[in-house]
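show me how the following folds:
(one chain, ligands or ions: 2)
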Amino acid sequence: MATVLAIETSCDETAVAVVNNRKVESSVITSQIPVHRQYGGVVPEVASREHLETINGAIAIALEEAKLDWKQIDGIAATCAPGLVGALLVGLTAAKTLAMLYDKPFLGVHHLEGHIYATYLSEPTLEPPFLSLLVSGGHTSLIYVKECGIYETLGQTRDDAAGEAFDKVARLLELGYPGGPAIDQLAVQGNPQAFTLPEGKVSLPTGGYHRYDTSFSGLKTAVLRLVQQLEKDDLPIPVADVAASFQETVARVLTKRAIACALDNKLSTIAVGGGVAANSGLRKHLQQASLEHNLRVLFPPMKFCTDNAAMIGCCAAEHLSLGHTSPLTLGVQSRLPLTSVMALYRH
Ligand code: KG4
Ligand code: ZN
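Ligands and ions are numbered 1, 2, ... in the order given. Okay, here's the model as predicted:
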């Protein structure tokens with residue numbers, strides 16, 4: 001059992017949480033979306049500055065809401081990779097400083113391992129092995145979760161991540177930033193069968209298609225061509241129908257790949273993580289398909305799908321209870337494969 005104060009600043013949310021194993025004692029999430037919206041996406045320098053201004057207040061509130069003092073905290077954690085270097089540095093430096101000041105173990109956490117752990121917050125009894133479908137703004141992967149820190153990538157996108165595709169298509173349809181929630185809301189009013197869009201199959205050199213890998217860049221281009229053609233023909237753009245058809249295609253593709261991967265690898269549980277796990281189309285498709293194939297599909301609580309510190313704390317608490325801690329010399333990294341998680345710890 002370990003109680004951890006965790007910090008997440010890898011992108012555009014300044015988040016701090018106190019987590020006791022798989023139970024959230026407090027979770028503060030300050031989103032920078034209103035600041036970045038005017039630029040149509042995250043501006044890294046602006047993100048770092050906003051984290052700096054918000055972090056101290058967020059730490060104080062998280063501790064106060066957990067009704068704990070520093071004596072009751074067993075470890076201090078922060079996301080150290082992957083993400084925006086300047087943004088990560090703010091959270092990591094804060095965590096190391098607190099660890100030194102209060103003489104606590106320090107843990108650097110891999111952001112994607114955090115997204116995997118978000119599912120434990122709604123399913124505390126879940127144990128590996130299971131399949132994780134990670135769908136965020138920067139990643140889309142199918143991960144074989146073997147045990148804490150031990151992962152194997154079975155499938156991934158060859159180009160854009162699912163969230164990135166949502167954001168790009170939303171920009172094209174002038175729906176604003178972030179695109180995922182905007183498309184999700186609008187899709188409810190549209191016809192998902194209105195347009196047939198390509199599924200982004202990945203060819204194999206030996207013939208046929210990859211069973212688990214995806215490509216979203218062709219789908220994004222197909223939406224662009226569709227919009228351009230409608231404009232050329234002087235026709236109104238049925239934005240809700242385009243949004244619904246796009247979302248339907250992404251949900252169908254991800255569901256097909258995840259189900260095939262789970263069945264092939266004899267994994268009976270699929271845990272979905274990352275911002276796109278909040279998508280209503282994906283939730284509906286996966287729930288339906290998992291029923292048909294007698295599989296269990298799990299989603300994190302809605303508020304812990306997108307970036308938050310509770311998932312980082314949950315992940316750190318497990319590493320800490322296994323005796324894993326990070327050296328204070330640990331730095332931030334913009335990229336780090338999930339398969340290298342154990343390099344972050346002395347164990
Ligand atoms: O996990 P996350 O907060 O940050 C990263 O680690 O990237 O994911 C953010 C991504 C964005 O691309 C956003 O558009 C997408 O998740 N997203 C959604 C939804 N909510 C957030 N995509 C589709 N439907 C949603 N409801
Ligand atoms: Zn994330």
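
secondary structure element holding Q288?
helix 280-292 (DSSP states H and E).

is the helix or strand containing L320 in proximity to ligand 1?
L320 belongs to helix 310-321 when elements are defined using DSSP H and E. No. Using CB under 6 Å from any ligand atom, helix 310-321 stays clear of ligand 1, coming no nearer than 9.4 Å. Placement of C-beta: from N, CA and C, glycine included.

gap between that helix and the chain center?
Centre-to-centre, helix 310-321 and its host chain are 16 Å apart (CA atoms, centre = their mean, to the nearest Å).

one more: stretch 235-242?
Taking CA atoms, centre = their mean, one finds stretch 235-242 lying 29 Å from the centre of the chain it belongs to.

now stretch 321-340
Relative to the centre of its chain, stretch 321-340 is centred 18 Å away, using CA atoms, centre = their mean.

tell me what the helix holding Q288 is packed against?
The contact analysis (3 or more CB pairs under 8 Å, 6 or more residues apart in numbering; DSSP states H and E) places helix 280-292 against helix 179-187, helix 239-264, strand 269-273, strand 296-298.

name the helices or strands packed onto the helix holding L320?
Against helix 310-321 (3+ CB pairs under 8 Å, 6+ apart) you get strand 3-8, strand 13-20, strand 23-31, strand 75-81, strand 106-110, helix 111-117.

of all the residues in the third one, which ones are buried?
I take that to be strand 23-31. Going by neighbour count (16 or more other CB atoms under 10 Å), the buried part of strand 23-31 is V24, E25, S26, S27, V28, I29, T30.

surely the first one meets L121?
Right, V24. Yes. Using CB atoms under 8 Å, V24 makes contact with L121 at a distance of 6.2 Å.

what about the residue in the stretch 201-347 of the chain positioned nearest to ligand 1, how many residues close to it?
Closest residue of the stretch 201-347 of the chain to ligand 1, CB to the nearest ligand atom: G275 (2.1 Å). Counted with other CB atoms under 10 Å, residues neighbouring G275 total 23.

which residue sits closest to it, ignoring its sequence neighbours?
Excluding its sequence neighbours, the residue lying closest to G275 (CB to CB, 6 or more residues apart in numbering) is T306, at 4.4 Å.

and for S217?
Nearest residue to S217, sequence neighbours excluded (CB to CB, 6+ apart): D159, at 4.1 Å.

tell me which residues touch the residue in the stretch 151-300 of the chain positioned nearest to ligand 2, please.
For the stretch 151-300 of the chain, the residue closest to ligand 2 is G274, as judged by CB to the ion, at 5.7 Å. Counting by CB atoms under 8 Å, 6 or more residues apart in numbering, G274 makes contact with L112, H115, L134, V135, S136, G137, H139, A162, G163, C305.
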